[in-house]
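J.: 3D, please:
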Amino acid sequence: MYAVIMAGGVGKRFWPRSRKERPKQLLDIISDQSMLRLTYERLKNVTDEKKIYIVAGQSLYEPILRELPELPIKNLIIEPSGKNTAPCIGLAATAIIQKDPSAVMGVFPADHLILDTKSFKKSVKMGVQFARDHVALVTFGITPNRPATGYGYIQYSKKDAVCKDGIFKVKTFAEKPNIATAKRFLESGEFLWNSGMFIWKVDNILNSIKLFLPELHESLKVIADAMDTPEYPNVLKKQWATIHSESVDYGVMEKAKNVYVVKSTFDWSDVGSWDAVYEIKEKDRNGNVIIGDVVTMNTENSYIYSRKNLISTIGVKDLIIIQSKNSTLIVNRNDSERVKDLVDLLEREKHYEHI
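T.: Next up is the predicted model:
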């Protein structure tokens, strides 16, 4: 399997630690290793290290190579700008099929947390074998343990198990639900969390892009013809400018009829907000996560981070407080997903030095 790590995100929900020059996937948010390094090490358990590729923007070229000095330069695929997951995946598939027309390709976000590597390896192995033997687009669904509203869902057909180990035909995809809908999903037993990880043969995903996103496919054909030639950078830049931003979920997976899901039980989090980090990290007796130069009194259930300047609190609870570089964030934990909106506001008001 060729493993492709999507590492082009800007991580706005993790401001002020996440910045354009060093976004979430390059930060040590969960442990003393970056999210990208954790993902890379995890994938080394399921495939040959030489078959791990990374897709990211030009601004992250040098930071990624510093983070992963062992990564061959040719395994770092540069996209001229972020155009969502469908173009990202299409570009990676186009590069891989030049090397191996029969290749099986796995796609993995750079910033997810998976601790149970044994179960992860088992699920990936199942997905690879199924994708190799079938004209199928395979995704991974995580068995939910609560009615989460921060994840998309996959509805699968219990009657259509295609192998005894737990691969099922997908019935439909559902966007992030409200709490009442999430509870119904959980009670039905037919829904899994959508992990955003995929496995397929490269020709199958490119044929699906041709069917559902024909304009993208035409651009990828032109790009493919220029690969390994001096014209490639200019051709890529020119074609990329014409490509529309589109997610692979909406553009391909929700429309295709040959979609299957590996029902997975490994622990998983997309670590989508500071509150998600709070939930994962070990807490003190007051329910706080304290990192760095912090002094608290009567403070409860909060995440407080400062490596440089002292932060002191009295009589507060359920807050995220983060001081990083030239900026400080204070937000209620329940509103932590709105940090992205705050960064957009900072950009509109031209506070570029802070983002």
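J.: and the strands in the stretch 51-200 of the chain?
T.: For the stretch 51-200 of the chain, strands defined by DSSP state E, counting those that start in this stretch occupy the ranges 52-57, 76-79, 104-109, 137-142, 153-163, 167-174, 191-201.
J.: touching, Leu346 and Ile355? I think so.
T.: Yes. Proximity of Leu346 to Ile355 meets the contact threshold set by C-beta atoms under 8 Å, at 5.5 Å. In this view, the C-beta of every residue, glycine as well, is placed from N, C-alpha and C.
J.: now for those two: what residues contact both?
T.: In terms of C-beta atoms under 8 Å, 6 or more residues apart in numbering, Leu346 and Ile355 are not both contacted by any residue.
J.: poorly predicted segments of the stretch 101-250 of the chain, please.
T.: Across the stretch 101-250 of the chain, the ranges flagged by pLDDT under 70 are 160-161, 163-165.
J.: quick one: Asn298 from Thr149, how far?
T.: From Asn298 across to Thr149, the span is 30 Å (C-beta to C-beta, to the nearest Å).
J.: which one of the two has more residues nearby?
T.: Thr149 (14 against 10; other C-beta atoms under 10 Å).
J.: OK, contacts around that one?
T.: Shown in contact with Thr149 (C-beta under 8 Å, 6+ apart): 176-179, 182.
J.: next one: Asp133
T.: Asp133 makes contact with no residue under the criterion C-beta under 8 Å, 6+ apart.
J.: please, which helix or strand holds Leu220?
T.: Using DSSP states H and E, the element containing Leu220 is helix 214-226.
J.: gap between that helix and the chain center?
T.: 25 Å (C-alpha atoms, centre = their mean, to the nearest Å).
J.: ok, now stretch 234-244?
T.: That offset, for stretch 234-244, works out to 24 Å (C-alpha atoms, centre = their mean).
J.: and that stretch, which residues are buried?
T.: Using 16 or more other C-beta atoms under 10 Å as the burial criterion, the residues of stretch 234-244 that qualify are 235-236, 239-240, 243.
J.: walk me through the domains of this structure.
T.: 2-264, 274-354 (automatic domain parsing).
J.: okay, these, which one's buried deepest?
T.: Stretch with highest mean neighbour count among those: domain 2-264 (a mean of 18; mean count of other C-beta atoms under 10 Å).
J.: chain center to that one: distance?
T.: Here domain 2-264 shows a centroid-to-chain-centroid distance of 7 Å under the convention C-alpha atoms, centre = their mean.
J.: ok, now stretch 1-8?
T.: Distance, centroid of stretch 1-8 to centroid of chain: 10 Å (C-alpha atoms, centre = their mean).
J.: what sits up against it?
T.: Contacting residues not belonging to stretch 1-8 are listed as 25, 36, 39-40, 43, 46-47, 51-57, 60, 64, 79, 82, 85, 88-89, 92, 96, 100, 103-110, 124, 128, 199, 202 [C-beta under 8 Å, 6+ apart].
J.: just the CA atoms of it, as PDB, please.
T.: The C-alpha trace of stretch 1-8 is given here as PDB (Å, rounded to 0.1, in the frame of the first residue of the first chain):
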ATOM      1  CA  MET A   1       0.000   0.000   0.000                       C
ATOM      2  CA  TYR A   2       1.100   3.500  -0.800                       C
ATOM      3  CA  ALA A   3       0.100   5.700   2.200                       C
ATOM      4  CA  VAL A   4      -0.700   9.400   1.500                       C
ATOM      5  CA  ILE A   5      -0.800  11.800   4.400                       C
ATOM      6  CA  MET A   6      -2.900  14.900   3.800                       C
ATOM      7  CA  ALA A   7      -0.900  17.700   5.600                       C
ATOM      8  CA  GLY A   8      -2.100  20.900   3.900                       C
END
